[in-house]
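[1] Attaching a predicted model along with its sequence, questions to come.
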Amino acid sequence: MNKIFGLFLLVVFSVAAFADPELHAVPAKDTLSLWVMDDGVNSGFALQKITRKYSQQTKKPVKVRFLNWGEAFDELQRVFAMDSSEVEASGVEVPDVVQLGSSWVPYFADAGMISSIDSLLDVVDSTRFYSEAMKATHVGRGKETYALPWFLDVRGLFVNERLWLSMGFNDEDVENFPEFYGTLRSVAKAQLKNGYGRPVTAFEFGVREDWTAQQQMAPILWSFGGDLVVECEVHENDSSRFSGYRSALVDSASLVGLRHYLKFVRDREISPNGLRENSSQIADRFVRSEMLMIHGTSEIIRKMEFGSDVGGLMESPLAKDGIAVIPSPKGPAGRFTFVGGSHLALPKLLSYRSAQRQKEAADLFLFLLRADNVDQYSRQIGFLPADRSLIHLWAQDSRYYQLINGLEKDGRSFINIPEWREVEVVMNNMVGRIAKSLADTSSDESDEIPRVVLAAHEQIDSLLRHESGLDRDSLWACIRLALMQPVEEHENEIREEPQETERPLFVVLVAAAALVLVVVVIVVVLRRKR
């Protein structure tokens, strides 16, 4: 079924991939501007195909501008901070519709840089979108809507299917964290090698100068009942009232989760490369079949259906071995799946333009969020659609089914506050400093890591304008004690002898030639004896 589904996708989207992406030249003032990021293999061709369809139906041309993910936030912030006179004087291009990372929406909404779209909700039927994706369309507890979900970044545990099956493992071997660690330990001790003779590591979280630390860490903290940021409540006369947000990083449950996360970072046997590589480098290692398991995104499934000439992975060792998705381990508070993604929004700068231009921008916005267009785009890039009405089509592939199951049962996104992007920076810096401390064998990690965690906690509280009033020295001691506790690990034996993956063709030919040579020698010797 997986192969049939994959072949269907390849045939359908090969047409989109090779369609001519150019638009007819028209006066700039008549052209709508759509700003998006590079979302994966051939995303540009798919988007140009969709916008061309819009232009054919409305006679309104659309220009698509692609931004780099690493630079997009700052570029949007710079442009959106301009007023109408600055835009007119400079002649700078302003987007009519813009893609935003889901955690960016509250910031731009709170800063007054994107418009409320409450008036469009009845037209678009927002009830078809997943509720967890809709959370980011508001600011905190506010009810006003500023964006709508476009596609979802649902993260899960991907395994090299050939290696996983050859060792006799199944979902029960990662049911909880002690079992998970035991399985990874047995893999590390087996000293596996792939079909190219390269060592296979068990599992890695890339942490060196990385940008995904909070996405790696959060599901583990959630599984133990912790979090990174939570709401504050003040209790007065048997009632409570909301009073903002605070860091939850050093709450007791969060510290237990952090201790389990740091086990992956610290353990040189299970994760020998994580301290010196980032998540992109770790993903490359997984693609080369040099790692059994990765915490990844669904786009890797789609990439394996395209050749390397367009950035695909069809010729990779992983594509030959195959991939499967397995459930994440369950903690005392449950099993959680990280949900991110992208939203579409209307910039506030449109407000100085004519009512007609604002209507045209809204029309394009609604067109892109139409179910058939959401389906077409998300299928091309491999990220799950935010539209629940489409998801049953994806579930026919067992790999997507596992991700969808995680999304619908235990999917959770980050808290929707304007300060969240700054919180992410603090978290990434914290993990980077911890990695540096662990890599420096001369440092005392039992003292340094609690200091780094405490500093991150205080930075987050400062961003959120929260004063805890707790004694700093006592807090550091609590953090140190919590992170020094042992992490339970259940021994898990490999039930089958690990089998090597398929050998490269030249290795097979050499082995065959050697065998033929041996046979020839034997025949010659026997004839001489006769």
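    Thanks, I have it. Numbering: from 1, shown residues only.
[2] What does I415 show for phi and psi?
    Per-residue torsions, I415: phi -70, psi 140 (degrees, to the nearest 10).
[3] Please read off the pLDDT at it from the model.
    With respect to pLDDT, I415 has a value of 96.
[4] try the one 10 residues further on
    Model confidence at V425, expressed as pLDDT, equals 95.
[5] who's in contact with the helix or strand that contains it?
    Following DSSP states H and E, one finds V425 within helix 420-439. For helix 420-439, the surrounding residues in contact (C-beta atoms under 8 Å, 6 or more residues apart in numbering) are 73, 103-104, 106-107, 207-214, 217, 228-229, 262, 265-266, 274-276, 414, 417, 443, 445, 448-449, 452-453, 455-456, 459-460, 463. Any C-beta I mention is one placed from the backbone N, CA and C, and that applies to glycine too.
[6] Report the buried members of the residues you listed.
    73, 103-104, 106-107, 207-208, 210-214, 217, 228-229, 262, 265-266, 274-275, 414, 417, 445, 448-449, 452-453, 456, 459-460, 463 (16 or more other C-beta atoms under 10 Å).
[7] where does the stretch 1-150 of the chain have low pLDDT?
    Counting by pLDDT under 70, the ranges of the stretch 1-150 of the chain that qualify are 1-28.
[8] residue ranges for the helices of it, please.
    Taking DSSP state H, counting those that start in this stretch to define them, one finds helices in the stretch 1-150 of the chain at 2-17, 43-58, 69-80, 84-90, 105-110, 121-124, 131-134.
[9] Counting neighbours, which bits of the second one end up buried?
    Meaning helix 43-58. For helix 43-58, burial by neighbour count (16+ other C-beta under 10 Å) applies to S43, G44, F45, A46, L47, Q48, K49, I50, T51, R52, Y54, S55.
[10] mind giving me TSV with the residues you listed and columns for distance to V124?
    Converted to TSV, these look like this (distance: C-beta to C-beta, whole Å):
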residue	distance to V124
S43	22
G44	25
F45	25
A46	21
L47	19
Q48	23
K49	21
I50	16
T51	18
R52	22
Y54	15
S55	20
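[11] of all these, which comes closest to Q380?
    Nearest to Q380 among these: A46, at 3.7 Å, using C-beta to C-beta.
[12] Would you check how far apart the closest residue to the closest one other than its chain neighbours and D251 are?
    Excluding the flanking residues, the one nearest A46 by C-beta to C-beta, 6 or more residues apart in numbering is Q380, at 3.7 Å. In this structure, Q380 and D251 are 41 Å apart, going by C-beta to C-beta, to the nearest Å.
[13] out of these two, which sits in the more crowded spot?
    Q380 (26 against 19; other C-beta atoms under 10 Å).
[14] is it true that V41 touches I300?
    No: shown here, V41 and I300 do not form a contact pair, counting by C-beta atoms under 8 Å, at 10.4 Å.
[15] Which one of those two is surrounded by more residues?
    V41 (24 against 21).
[16] Counting neighbours, show which residues of the longest strand seen in the chain come out buried.
    What stands out as the longest strand in the chain, according to DSSP state E, is strand 148-160. Buried residues in strand 148-160, counted by 16+ other C-beta under 10 Å: 148-160.
[17] Just send the residues you listed back as TSV, with distance to E408 too.
    Listed next are the buried residues of strand 148-160 as TSV, based on distance: C-beta to C-beta, whole Å:
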residue	distance to E408
L148	19
P149	15
W150	19
F151	16
L152	11
D153	15
V154	10
R155	15
G156	13
L157	17
F158	19
V159	21
N160	26
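[18] F336: which of these is nearest?
    Of the buried residues of strand 148-160, the one sitting nearest to F336 (C-beta to C-beta) turns out to be R155, at 10.2 Å.
[19] With adjacent residues omitted, what lies nearest to the closest one?
    F338 (4.4 Å).
[20] did I read that right, that neighbour in a helix?
    No: when classified by DSSP: H, G, I helix; E, B strand; the rest coil, F338 is found to be strand rather than part of a helix.
[21] still on that earlier bit, hang on, isn't the residue nearest to A46 packed against G44?
    No: the pair Q380 / G44 is not scored as a contact, 9.7 Å apart, by C-beta under 8 Å.
[22] quick one on the thing from earlier: out of the helices of the stretch 1-150 of the chain, indicate the one that is most buried.
    Compared across these, helix 105-110 shows the largest average neighbour count, a mean of 24 (mean count of other C-beta atoms under 10 Å).
[23] Looks to me like the residue nearest to A46 is in a helix.
    Yes: counting by three-state DSSP, Q380 falls inside a helix.
[24] one step back: the residue nearest to R155 bridge partners, please.
    Beta-bridge partners recorded for F338 (DSSP bridges): R412.
[25] In this model Q215 seems to touch it, though I could be wrong.
    Yes: applying C-beta under 8 Å as the test, F338 and Q215 come out as touching, 5.4 Å apart.
[26] the more surrounded of the two?
    Between F338 and Q215, F338 has the larger neighbour count (other C-beta under 10 Å), namely 25 against 21.
[27] Next up, the contacts around the more buried one.
    Counting by C-beta under 8 Å, 6+ apart, F338 touches D153, V154, R155, Q215, A218, P219, G411, R412, S413.
[28] how many other residues sit next to the residue nearest to the last one when sequence neighbours are not counted?
    It stands for S413. Setting aside the residues directly before and after it, S413 is nearest to V339 in space (C-beta to C-beta, 6+ apart), at 4.7 Å. The number of residues packed near V339 is 26, by other C-beta under 10 Å.
[29] Mind pulling up the pLDDT for V339?
    The score at V339 is 96. That number is its pLDDT.
[30] Please apply the same query to R503.
    41.
[31] list the contacts for the nearest residue to A333 once chain neighbours are set aside?
    Of all residues not flanking A333 in the chain, G225 sits nearest, at 3.9 Å (C-beta to C-beta, 6+ apart). By C-beta under 8 Å, 6+ apart, the contact list for G225 reads A253, V256, G257, G331, P332, A333.
[32] Since that was my last question, I'll sign off now.
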